[in-house]
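J.: Okay, here's the prediction I keep looking at, along with the sequence it came from:
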Amino acid sequence: MSSISRSLNLLARSSRSSLLRPSAVNPVHHVFASNKMAARGLATAFERTKPHVNIGKMGSHVQFVGFNADLSLLGTIGHVDHGKTTLTAAITKHQASKGLASFLDYNAIDKAPEERKRGITISSAHIEFQTNDRHYAHVDCPGHADYIKNMITGAANMDGAIVVVAASDGQMPQTREHLLLARQVGVQKIVVFVNKVDAVEDPEMLELVELEMRELLSTYGFEGEETPIVFGSALCALEQRRPEIGAEKIDELMNAVDTWIPTPERDMDKPFLMSIEEVFSIPGRGTVVSGRVERGLLKKDTEVEIVGGSTAPIKTKVTDIETFKKTCDESRAGDNSGLLLRGIRREDIRRGMVVAAPGSTKATNKFLVSMYVLTEAEGGRRTGFGHNYRPQVYLRTADEPGDLTFPDGDASRRVQPGDNVEMILETHRPVAAEAGQRFNIREGGRTVATGLVTRVMT
Ligand SMILES: Nc1nc2c(ncn2[C@@H]2O[C@H](COP(=O)(O)OP(=O)(O)OP(=O)(O)O)[C@@H](O)[C@H]2O)c(=O)[nH]1
Ligand SMILES: [Mg+2]
């Protein structure tokens, strides 16, 4: 058995590593995990070993070959009565006329009130449509706390959202609340649909709504200046009247969504990243790091960076790769690999750092995060916590002391088990993480909260 193999065997025996992976610790019931919309997230994990598994599951959607690779998850958000459900129905109707969706009428989307009361808001999510470029799963967002919890703790990331704002009212309290919600569930890109333009006479009113929306988007950390804004009438589109503000505007909206919201990349297509679980020194050869490859592909004799621990990455080259006890020329997403690093001393490397394609990730220690705080029944704390809470943060294989504060600095505020909360997380040493990264907060052997990085702050 070669020396790298020995390291990998040790790795396999160390249950510590896999146990601490966010997905494994997460005791929260994932509604999303059983949902079709999680298909993309799950598929990336399954694809490599069972390439056919998802196709059978698609049922009536078998015609959408490559479903999982390019499925984007979208949501409609916005103030009550501004037209979210009407717009969703109008989109399915318009795309259905091109053979790109099945039409769902308003009532099929707007589920029964008792269902809402029980909080099964996710069941309204079985909306799908295609554009010329993409396949979308769509949620008519309820803005319910359970839903936010599912998005924070679940496997699926929402790729983008359409915020609907009625031209007749302009932005309203829930417009703001839902933008915050979108940020909390990790949405990075938003498209605005200014609805009900049929009910507005004065073009200056539309300009005002646009101005206000751009400002509001920037306030919530979205790209207010560049965000596409489409003016139209969902009702006209649904009733097939006045195509210049109806059907044509749905086309414009679909175009905006296709171009502004990035296509989710498959793990294999992303830049290489492996979070280090173990570090070994092999006499006569050098330092080997091992772990599970999260994304991308690495060939032998390629330059990489070791990121984490400090802000400056360590540049090195991988001179040998071993996967599943065999020396090989490459390592790819899903593999457990050992990588031999040129000219690196063992003491310079620690578990929790990542091996990444040069320039693809940075180490930071300040993040805006969303968290779901576990209840005692879910294994969490009995009592809440407040400003300056200092737990242990588990992010990928990193395990760092952290400091949690409220963005508004309110030292009197407390978070209770069962809450969704937005906080600023500062880790003692910088860690490699991007928006969308999931992590866990633990203290005294229990998981206190599970979270999602929504913005990198430094
Ligand atoms: N004039 C006009 N009315 C519209 C338009 N779009 C929607 N409406 C009307 O606005 C009302 C609310 O529309 P919904 O689609 O239910 O609004 P919603 O945002 O889903 O509302 P909630 O789910 O209750 O938050 C309905 O009476 C719609 O017919 C439009 O383009 N023009
Ligand atoms: Mg609605």
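T.: Yes, it's here. Remember, predicted model here, so these are calculated numbers, not experimental data. Ligands and ions are numbered 1, 2, ... in the order given.

J.: can you pull the buried residues of stretch 306-313?
T.: 306-309, 313 (16 or more other C-beta atoms under 10 Å). Heads up, the C-betas are built off the backbone N, CA and C, glycines and all.

J.: of all the residues you listed, which comes closest to residue 190?
T.: Minimum distance to residue 190 across the buried residues of stretch 306-313 is 29.3 Å, recorded for residue 307 (C-beta to C-beta).

J.: if I read this right, that closest one contacts residue 362, doesn't it?
T.: Yes: using C-beta atoms under 8 Å, residue 307 is in contact with residue 362, at 6.8 Å.

J.: Quickly list what's touching both of those two.
T.: 313, 432 (C-beta atoms under 8 Å, 6 or more residues apart in numbering).

J.: Output the contacting helices and strands for the host helix or strand of residue 305.
T.: Assigned by DSSP states H and E, residue 305 falls within strand 302-308. Counting contacts by 3 or more C-beta pairs under 8 Å, 6 or more residues apart in numbering; DSSP states H and E, strand 302-308 is packed against strand 310-323, strand 336-341, strand 354-356, strand 420-432.

J.: tell me, how many neighbours does residue 449 end up with?
T.: Close neighbours of residue 449, defined as other C-beta atoms under 10 Å, add up to 30.

J.: strand partners of the helix or strand harbouring it, parallel vs antiparallel please.
T.: Take DSSP H and E as the rule and residue 449 turns out to sit in strand 446-456. Strand 446-456 has the following sheet partners, assigned by DSSP bridges: strand 363-373 (antiparallel), strand 438-443 (antiparallel).

J.: could you dump those strands to a markdown table with mean pLDDT and mean neighbour count?
T.: Converted to a markdown table, the strands paired with strand 446-456 look like this (pLDDT from 0 to 100; neighbours: other C-beta atoms under 10 Å):
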| stretch | mean pLDDT | mean neighbour count |
| --- | --- | --- |
| strand 363-373 | 95 | 22 |
| strand 438-443 | 93 | 22 |
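
J.: between the strand holding residue 449 and strand 420-432, how many degrees?
T.: On the basis of axes from the mean of the first three to the mean of the last three C-alpha atoms, to 10 degrees, strand 446-456 is oriented at 80 degrees to strand 420-432.

J.: longest helix of the chain?
T.: Longest among the helix segments of the chain by residue count, using DSSP state H, is helix 203-219.

J.: neighbouring contacts of that helix?
T.: With C-beta under 8 Å, 6+ apart, helix 203-219 has contacts from 163, 165, 167, 170-171, 175-176, 179, 190, 192, 194, 197, 200, 223-225, 227, 229, 231.

J.: Show me how to select, in ChimeraX, the buried members of these.
T.: The following ChimeraX line selects those of the contacts of helix 203-219 that are buried, judged by 16+ other C-beta under 10 Å:
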select :163,165,167,170,171,175,179,190,192,194,197,200,224,227,229,231
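
J.: Need the worst-confidence member of the buried residues of stretch 306-313.
T.: pLDDT across these is lowest for residue 309, at 89.

J.: Quick check, residue 104 in contact with residue 92.
T.: Yes: between residue 104 and residue 92 there is a contact under C-beta under 8 Å: 4.7 Å.

J.: Give the residues shared as contacts by these two.
T.: Common neighbours of residue 104 and residue 92 (C-beta under 8 Å, 6+ apart) are residue 127.

J.: hmm, back to that, beyond the longest helix of the chain, next helix or strand please.
T.: strand 229-231.

J.: That next one - which strands sit beside it in the sheet, and in what orientation?
T.: By DSSP bridges, strand 229-231 pairs with strand 190-195 (parallel).

J.: Contacts for the partner strand next, please.
T.: 82-83, 86-87, 160-167, 179, 182, 206, 209-210, 213, 217, 222, 227-234, 253, 256-257, 260-261.

J.: contacting residues around residue 271?
T.: Residue 271 touches 295-296, 356-357, 360-361, counting by C-beta under 8 Å, 6+ apart.

J.: Narrow the residues you listed to just the buried residues.
T.: Applying 16+ other C-beta under 10 Å to these flags 295-296, 356-357, 360-361 as buried.

J.: could I get the residues you listed as a markdown table with distance to residue 419?
T.: Below are these laid out as a markdown table (distance: C-beta to C-beta, whole Å):
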| residue | distance to residue 419 |
| --- | --- |
| 295 | 32 |
| 296 | 36 |
| 356 | 34 |
| 357 | 38 |
| 360 | 34 |
| 361 | 30 |
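
J.: ok, of those, which one's closest to residue 388?
T.: Of all those, residue 388 sits closest to residue 361, with 28.2 Å by C-beta to C-beta.

J.: that older thread, send me the strand holding residue 305 as CSV with only the CA atoms.
T.: C-alpha atoms of strand 302-308 as CSV (Å, rounded to 0.1, in the frame of the first residue of the first chain):
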residue,chain,number,x,y,z
THR,A,302,-1.3,21.8,-12.0
GLU,A,303,-0.8,25.0,-10.1
VAL,A,304,-3.2,25.5,-7.2
GLU,A,305,-3.7,27.8,-4.2
ILE,A,306,-4.2,26.8,-0.6
VAL,A,307,-6.8,29.2,0.8
GLY,A,308,-7.8,29.9,4.4
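
J.: who does that strand pair up with?
T.: Within its sheet, strand 302-308 is paired with strand 310-323 (antiparallel), strand 354-356 (antiparallel), according to DSSP bridges.

J.: Now render those strands as TSV, adding distance to residue 241.
T.: Output for those, formatted as TSV (distance: least, C-beta to C-beta, whole Å):
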stretch	distance to residue 241
strand 310-323	58
strand 354-356	53
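
J.: Can you check which of the ones you listed gets nearest to ligand 1?
T.: For ligand 1, the closest of the strands paired with strand 302-308 is strand 354-356, at 42.0 Å, according to C-beta to the nearest ligand atom.

J.: From the rest of the structure, what touches the closest one?
T.: 271-276, 289, 291, 298, 304-308, 313, 318, 339, 341, 361, 396, 432.
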